[in-house]
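Colleague: Sharing a model prediction with you, sequence too.
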Amino acid sequence: MLYPLKFNHIYKDKIWGGNRFAELLGRNDGNSSSCGESWEISAVQDSISVVSNGYLKGNNLQELIEIYMDEIVGQKVYEKFGVEFPLLIKFIDSNDVLSVQVHPDDITAKERHKAYGKTEMWYVMDADKGGNIIVGFESNSSKQEFREYIKNQTFQNLLHSEVVRKGDVFFLPAGRVHAIGKGLLIAEIQQTSDITYRIFDWNRVDDRGKSRELHIDLAEDVIDYEAHNDYKLHYLPKENATTDLVSCDYFTTNLIQFSMPVVKDYYSIDSFVIYMCLEGSATIDFGGDYEEQIVKGETVLIPAALHEVKLTPNGETKLLEVYIR
């Protein structure tokens with residue numbers, strides 16, 4: 001019988017990374033002081049997640065889907081994606097500001113890279129006072145203006161920046177320029193894609209004095225130059241209930257905030273479900289021979305074959321719930 005699956009963390013050192021995974025999430029399996037990303041569930045080649053719990057321990061995600069097929073991901077997901085898991089789930093620690101970047105959509109990514117595009121979302125788990133993000137443009141722009149400001153090294157003046165706090169949510173469709181600012185811990189849900197066009201990197205160099213590559217020519221044709229009135233998603237959390245956050249063609253993400261048991265019925269969605277624990281801890285009872293625990297900073301994959309799950313919190317707990325409609 002399938003059961004809730006945990007995976008080994010896949011750590012990615014970054015020039016802007018820090019040590020919040022140890023400090024804020026209690027991790028002791030990584031010792032880098034410049035760890036920028038923890039890939040929680042990944043089907044990206046060379047970084048495919050490996051199960052860390054139960055009798056399937058040691059098997060990777062692609063192997064599981066090859067064996068169990070729709071029992072892992074759901075029938076409609078399997079018919080569309082086959083053995084490739086469609087989402088990449090991460091935690092991000094920004095000890096310094098990330099590059100200003102943009103991602104292509106599915107059509108462009110397929111033409112240029114034979115890959116999927118990248119639509120994503122962020123949930124701010126923690127933020128230093130004054131921590132900010134860059135998202136979109138301050139006012140409508142154009143390819144011509146983009147080129148002019150790049151040439152004059154003033155591109156950042158076109159961009160919209162806002163201070164963020166714990167609990168803020170941002171949806172980033174492919175084509176929207178963005179950068180995570182310094183001092184943030186982010187939960188990120190995205191399409192399975194590692195294609196990034198770097199536009200501006202704050203004139204930063206590595207310990208060898210080398211700048212990172214920029215992708216101006218690739219970026220200019222995929223950018224959405226239209227400004228929007230409000231880039232942040234607004235929601236009102238409901239106690240002991242599910243709050244809708246994001247629903248798009250690529251994923252649905254909800255917030256479960258609870259202090260008493262919650263029963264989740266997934267019979268109708270025909271999809272895997274992912275839990276990312278933001279605060280507290282809970283027991284996952286799926287009617288099997290044993291229960292699984294999830295604590296702050298952990299991610300668990302609920303196979304599509306497990307249609308009903310009971311979540312019993314240990315005090316106030318917050319989970320992100322992710323699936324595909």
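Modeller: Done, it's in. Numbering: from 1, shown residues only.
Colleague: Not counting its neighbours along the chain, what's nearest L278?
Modeller: K318 (4.2 Å; Cβ to Cβ, 6 or more residues apart in numbering). Every C-beta, even on glycine, is put in place using the N, C-alpha and C of the backbone.
Colleague: same check, this time on H178
Modeller: V135 (4.8 Å).
Colleague: And for W16?
Modeller: Excluding its sequence neighbours, the residue lying closest to W16 (Cβ to Cβ, 6+ apart) is D96, at 3.9 Å.
Colleague: so that neighbour makes contact with S34?
Modeller: No. Look at D96 against S34 with Cβ atoms under 8 Å: they stay out of range, at 9.3 Å.
Colleague: And the helices in the stretch 201-325 of the chain?
Modeller: 216-220 (DSSP state H, counting those that start in this stretch).
Colleague: Please, which helix or strand holds the residue nearest to W16?
Modeller: D96 belongs to no helix or strand when elements are defined using DSSP states H and E.
Colleague: Counting neighbours, what do you get for it?
Modeller: 17 (other Cβ atoms under 10 Å).
Colleague: what pLDDT does it get?
Modeller: We have a pLDDT of 96 for D96.
Colleague: residues in contact with it?
Modeller: For D96, the contact set (Cβ atoms under 8 Å, 6 or more residues apart in numbering) comprises 15-16, 18, 182.
Colleague: Tell me which residue of this protein is furthest from the middle?
Modeller: Relative to the centre of the chain, the most outlying C-alpha is that of N152, 33.2 Å out, by Cα atoms, centre = their mean.
Colleague: separation between that residue and S161?
Modeller: N152 is 19 Å from S161, where distance means Cβ to Cβ, to the nearest Å.
Colleague: got it, and F21?
Modeller: 26 Å.
Colleague: okay, these two: which has more neighbours?
Modeller: Shown here are F21 and S161; by other Cβ under 10 Å, F21 has more neighbours (25 against 14).
Colleague: picking up where we left off before, can you read off the pLDDT for the residue nearest to L278?
Modeller: The model's pLDDT for K318 equals 98.
Colleague: residues near it, how many?
Modeller: 20.
Colleague: Residues in a beta bridge with it, which ones?
Modeller: Q257, E279 (DSSP bridges).
Colleague: Just give the number of residues close to G130.
Modeller: 11.
Colleague: Now for it: which residues touch it?
Modeller: 163, 183.
Colleague: go again using 10 Å as the cut-off
Modeller: With contact set as Cβ atoms under 10 Å, 6 or more residues apart in numbering, G130 has these partners: 163-165, 181-183.
Colleague: repeat for L214
Modeller: With contacts defined as Cβ under 10 Å, 6+ apart, L214 is in contact with 99-101, 150, 197-201.
Colleague: So which of those residues belong to strands?
Modeller: When the contacts of L214 are checked against strands (DSSP state E), the matches are 100-101, 197-200.
Colleague: quick check, nearest of the residues you listed to Q45?
Modeller: Y197 (19.6 Å; Cβ to Cβ).
Colleague: can you give me how far the helix or strand harbouring L185 is from the chain middle?
Modeller: Element membership for L185, per DSSP H and E: strand 184-191. Counting by Cα atoms, centre = their mean, to the nearest Å, strand 184-191 is centred 3 Å from the centre of its parent chain.
Colleague: Please name the nearest non-neighbouring residue to the residue nearest to the spatial centre of the chain.
Modeller: The chain has E188 as the residue nearest its centroid, 2.0 Å off, counting by Cα atoms, centre = their mean. Leaving out its chain neighbours, the residue that sits closest to E188 by Cβ to Cβ, 6+ apart is K90, at 4.4 Å.
Colleague: same thing with I223?
Modeller: V102 (5.4 Å).
Colleague: List the residues that contact the one you found.
Modeller: Applying Cβ under 10 Å, 6+ apart, the residues near V102 are 118, 172, 174-178, 196-199, 215, 218-220, 222-224.
Colleague: 6 Å instead?
Modeller: By Cβ atoms under 6 Å, 6 or more residues apart in numbering, V102 lies in contact with 177, 197, 219, 223.
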